Structures are given as structure tokens and as C-alpha cells.
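[1] I would like the atomic coordinates for the input below:
(chains A and B)
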There are 2 protein chains.
Amino acid sequence: MDIESLKDGILQGQRRALAKAITLSESTRADHQAEAQHLLTALLPHTGKAIRLGFTGTPGVGKSTFIEAFGTYLTEQGLKVAVLAIDPSSTLNGGSILGDKTRMEQLSRNPKAFIRPSPSGGSLGGVARRTREALLMCEAAGYDVILIETVGVGQSEVAVAEMVDMFLLLLSPGGGDDLQGIKRGIMELADLVIVNKADGDLKPAAKRAAADYSLALHLMRPKSPNWTAQVCLASALKGTGLEEIWQAVGDYRDKLTGSGELAANRAEQAVSWMWSEIHDQLVDRFREHLPEKLEEMEQAVRDGKQPPTAAARTLLEAFLAG
Amino acid sequence: MDIESLKDGILQGQRRALAKAITLSESTRADHQAEAQHLLTALLPHTGKAIRLGFTGTPGVGKSTFIEAFGTYLTEQGLKVAVLAIDPSSTLNGGSILGDKTRMEQLSRNPKAFIRPSPSGGSLGGVARRTREALLMCEAAGYDVILIETVGVGQSEVAVAEMVDMFLLLLSPGGGDDLQGIKRGIMELADLVIVNKADGDLKPAAKRAAADYSLALHLMRPKSPNWTAQVCLASALKGTGLEEIWQAVGDYRDKLTGSGELAANRAEQAVSWMWSEIHDQLVDRFREHLPEKLEEMEQAVRDGKQPPTAAARTLLEAFLAG
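    Here you go, the predicted model:
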């Protein structure tokens, strides 16, 4: 593949070049991986200008309707918006929910928006790496807002929180009871809580829920010394509250940029990413290297015939000697 | 060191031999480590007969008073009790709280009890490994109940839950409000919740708190298909409730042994332990191997001059080639 022209295409904001580059970085072929890293190194000086938003919500809260409305609102302000998804449970054939383009019909046809489904298959670490790389490529292509949606289960929210500047949590007007639907610890990740469906008959309930959530947020230790998590009301259906949300995002960005926290967070995130790559690849190489002896040792440990530490040492010596 | 006579001493239940062996396994010297692994391999067939209990509680709940009372009760039933602690924050000189023997004055002078403070210093992984090895050695020395207390911060409760058969959580009669004092996720680890200080004026509050905790436990997904977490009332001061707790432990053990779950859990714990050893040691060797290049690369990633994945690859190639 001609990496040089791919790079130029991305820097000119060509959607096809961007899509092709993301596909390249998702390939498991070793030569494709080398090319993708080469490309990414060349693009790196052109990254970092977007605001990176993580996004999750309880099931049934209207996440895709909200992203469609919010994304459309942003493009109307003249901004370019990229929507990525992270879903470790998606498979090559099954695809992620975002893969179903009809879910965001309007936004997917918007020339100022770029929507990309979750990279398929593999471990959370692998899916997260490919999403992070897609994020950097979108930045190089000039997108102003990168929205990373978590659609998966397990630890994907934490993985998303570790690759974005700000984490948004979409909740329904159910109030305190509704918190049972979200996984423990997710509330602590939120920099901004959005109560959706604040329209019509649900408006009073949404207001009460917002008060409940505010109280819950106040009981938690703030993530940042420069920001207190806020609660906004919105209606994706009516398109209300979107301006206030975008103002809160801008306010957050200003405060964390001014204090240097945003840049420091990004630098730490990059270093953690490097280390998780090192961990994953060390263990991968280790696993590839001695499958037979490994199974035998694992069984001996399982059967209580070998102490785990002694077994680990034997396997490590074999790995490092080979 | 004469490993053979150390082994014989431990199998005869000699406290001095046991203490010496644990000290050997805590040494960072490579020859000591090799000897400790040799010893542990020889002891392994004699391990596994004790019940392994993990133990934590909110600050101020009277954890050491409770362990003293419970441990003494168990020795009065003719059982031998070992109390270990895990505290990644303890240092060589500072020592852990359990190192202060006066904390459990009665139990520490009891010939049927063995108390060992937390191994000092190092990462949680290292402290956990040494505690696990001490656990196996205590089993080989014929202790019937191994109580592992967590005194540290952070993830030590999870580490303890991963090395025991049953996890006990000690709470005060404060009720729901009191749960704010314990870290999130700890309640889910509990197989048995003990409300301490259920005596005198606090008795009604303790009963109400027990009802609150029961409700909270019912809202959570059970850890085991064979056991529903229970709440017991106790007073370490008056020595009440200890029999009921020991009965609940026996009941738990019977149910999980009968269903094969206890043995399966232990086998899985041993394999996880082997893998965490492999992870830790791979990363340790990696860090030792290329300190100079590592710092340089880390800085380049921090400064946004190198993509994290590319940096990880470069470092890995250097490590595996060297």
C-alpha cells in the first residue's frame, strides 16, 4: 500500500483515505501492522487538536438517537464530527450495533460526519488499541470532535475513559433506581451526566432524576481538581439541551487546558497505552512460544502438583532461553 | 540452609521451622528464592486441608479485637489457627499493624495460634505471592484455619479474595451509611457479613444494620450457585456470635465441598497465581533489561513524538533480540 498517498489523503480530510487507513490498522497481517505504525508515526504531529469525548448510557436510554441529534447539532455549528465505537463482544460477521448504519441514518449521510463501527473481535486490549489508533487518524483528518461510544459489556467503559478527555454518561429519567442498570463504578467516571428524554410527560421526572444524580455526584470524590461533574437535561427527540451540553464540554475543555491537566492526562494516557501494549505483547509471545510445556505446567498447577511460582519460573526460563 | 530438616520441622508442626521457612520465602536473594521454591514443592502434597478465610472491615470496626476473640474461640474448640496479614503499604521498618503483637496480646501467646505480620514492601503482586506461600506453609504445618487479614489500601481485598475459600466482611452497626466507609465492590466479595459491636446500647442499631446489609446482599448477584451471602451479629467484646459464625463457615465449606466448587476454585486460583507470576516476572525482566532505551521511548511517547504501539514494538524487539 502507498502509505505516502494515504497520509496525504488523510491530511486533506479525504474520507476514503481515512477509512482505508483505519482498515489497515485493524488488519492482523504483520506487514499491514508495520505499514499502519509507519503511517501513524507520520500522522502523529497532526493529531491532538480535537476534543475526545467518551460516551455511554443505560440500555434503552436512546444512545444512538442522542448521538444522532448531538452529532447533527455539532455539524450545524460548522464542526466535523467522528463517531467511533468500542465493543469487544462484536465479531467479524455479527458486527457492532454501530455497524448498522440505519441506526444513525441522518448522521451517516452527513458530509461533516464520519461514523465507524467497533473493530471486531479480539480482546478488549486489542479492540481498544485499534479504536485509539482510529481516534488519532480522525484527528489527523481534521475532525474537531471525536465521540467514542461504548456498546459492549465488561470493562469497555473504563477502556474508553482511558482514551478520552471527557466522559459523558447518558441516563434516563428513572432517577436513583435507574442507577441499578449501570455497572458499578461507571458513575465515578462521568464528567458530565445527561438526563435524556426530558420532554413531555417525562419532564418532571427528568428534573427529579437530575437532582438525584447531582446528589450522588456530590458524594463522590471529584476526578479532577479543576472540574466538578455536572448534570444536564436533554431531549434527543426534541433537540433540546444540546447547546448547554456543548457549552459544558467547552467549559470543561477550557478549565483543563488552562490548568495543563488536559495535556498531562493525554501524556499519561499515551504512556499507559504503551505499557499495556508491552504487557499484552509479552504475554502473547510467551503463549505462542511454549504451548506444549505450558499446558503441561498449567495442569500440574491445577492438580496441586507444582507450586504456581515454581511453575512460572520454569516456564520463564524456557521462554527466555529459547 | 538445610531444606530437608526445615521441611521435617514444618510437617511436625514446629513453629520455629515454619517462621524460618516463611522468612526464607520473603527473602529477595535468588538462592533463597530457589530454596523456598524447592521447599514449597516438597510441602505441596501436605497442603490443602485447612479452611482459608479472608477478612476485612471498615476502619474502627474492631478488626483486631474480633480476630483475637474469634481466633481464641477456635483454639478452644481444639483447632490450630494461623493469622496472616496482607498490606502492600507496610515497609521494612514501619511494619504492618499486625507486626505490633500487643494488638492481639492473648492470641499471640496462645500455643495453638500462629500470627505473622504482612510481608513488607514491594508491589501488591509480590506481597500477595509471599502471603500465598506462607498460607501453604501454615497448612503443611497442620493449621486448621488460616485467617488472612487485609490491612492495606487499594486492591488488597481483591487480592485476598483471590487466595481464600471464603471472604468475611466485618461491619459496624452504622447501617447503610456505614457502607460509605468501605470501598466500592468489597460488599460483592463477601460470603459472610458480620455486624460487630452487637452488644449493650448498640444492639438495636446492630439488628437494624444487619437487616440493611441483608437487603443490600439480596440485590447483588450471588458469587456462588451453592451459597447465598449471610449476615451474622457478633460482639467481639462479649464473645457472642462466634459460634454462629463458625457454624456458617462450616456450612459454607460443606456446601462448596459437596458440589466440588471449593476444589475447582482452588485449582483456578492456583492457575491465576501462576499467570500473575508470569506477567509480573516478564515485565520485571523487561524493565531490568533496557532501562536506558525505555526511558527515552517513554519520553517520546509522553511528548507525542512516538505512537505508543510503535514504541512498544521497538522496545519488544530490542528485548527479545537481547
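[2] Residue A:185: neighbour count?
    Neighbour count of residue A:185, defined by other Cβ atoms under 10 Å in any protein chain shown: 13. C-beta: built from backbone N, CA, C; applies to glycine.
[3] ditto for residue A:78
    Going by other Cβ under 10 Å, the residues that sit close to residue A:78 add up to 8.
[4] quick one: low-confidence parts of the stretch 51-200 of chain A?
    When the per-residue scores of the stretch 51-200 of chain A are filtered using pLDDT under 70, the ranges that remain are A:89-102, A:152-154, A:175-184.
[5] Now do the helices in it.
    Defined through DSSP state H, counting those that start in this stretch, the helices belonging to the stretch 51-200 of chain A, from first to last, are A:63-76, A:105-108, A:124-140, A:156-161, A:186-189.
[6] ok, now the stretch 201-322 of chain A?
    A:203-218, A:242-258, A:261-289, A:291-302, A:308-321.
[7] Deepest-packed of the ones you listed, please.
    Of all the helices of the stretch 201-322 of chain A, helix A:308-321 carries the top mean neighbour count, a mean of 19, counting by mean count of other Cβ atoms under 10 Å in any protein chain shown.
[8] Need the mean per-residue confidence for that helix.
    The predicted model assigns helix A:308-321 a mean pLDDT of 90.
[9] Likewise for stretch A:211-231?
    85.
[10] picking up where we left off before, would you reformat the helices of the stretch 201-322 of chain A as CSV and include distance to residue B:285?
    What follows is those, written out as CSV (distance: least, Cβ to Cβ, whole Å):
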stretch, distance to residue B:285
helix A:203-218, 43
helix A:242-258, 37
helix A:261-289, 9
helix A:291-302, 18
helix A:308-321, 7
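[11] Shouldn't residue A:13 be within a strand?
    No - inclusion of residue A:13 in a strand is not indicated when DSSP: H, G, I helix; E, B strand; the rest coil is applied; the result is coil.
[12] returning to that earlier point: any chance of the helices of the stretch 201-322 of chain A in CSV, plus distance to chain B?
    Formatted as CSV, these follow (distance: least, Cβ to the nearest Cβ, whole Å):
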stretch, distance to chain B
helix A:203-218, 12
helix A:242-258, 15
helix A:261-289, 4
helix A:291-302, 4
helix A:308-321, 4
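[13] Make a markdown table out of the helices of the stretch 51-200 of chain A and add distance to residue B:149.
    Putting the helices of the stretch 51-200 of chain A into a markdown table (distance: least, Cβ to Cβ, whole Å) gives the following:
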| stretch | distance to residue B:149 |
| --- | --- |
| helix A:63-76 | 44 |
| helix A:105-108 | 54 |
| helix A:124-140 | 33 |
| helix A:156-161 | 29 |
| helix A:186-189 | 27 |
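[14] Please look at residue A:129 and residue B:309 and confirm they touch.
    Yes - the pair residue A:129 and residue B:309 qualifies as a contact (Cβ atoms under 8 Å) at a distance of 6.2 Å.
[15] so what sits against both of these two?
    Residues touching both residue A:129 and residue B:309 (Cβ atoms under 8 Å, 6 or more residues apart in numbering or on different chains): A:273, A:277.
[16] For the residue nearest the centre of chain A, give its distance to chain B.
    Residue closest to the average C-alpha location in chain A (Cα atoms, centre = their mean): residue A:160, at 3.3 Å. Shown here: residue A:160 relative to chain B, a distance of 16 Å by Cβ to the nearest Cβ, to the nearest Å.
[17] Without its sequence neighbours, what residue ends up closest to that residue?
    Using Cβ to Cβ, 6 or more residues apart in numbering or on different chains and skipping the chain neighbours, the partner closest in space to residue A:160 is residue A:54 (4.2 Å).
[18] Next, count neighbours for that neighbour.
    Other residues near residue A:54 number 26, with proximity taken as other Cβ under 10 Å.
[19] Could you do the one 4 residues further on as well?
    Residue A:58 has 20 neighbouring residues, counting by other Cβ under 10 Å.
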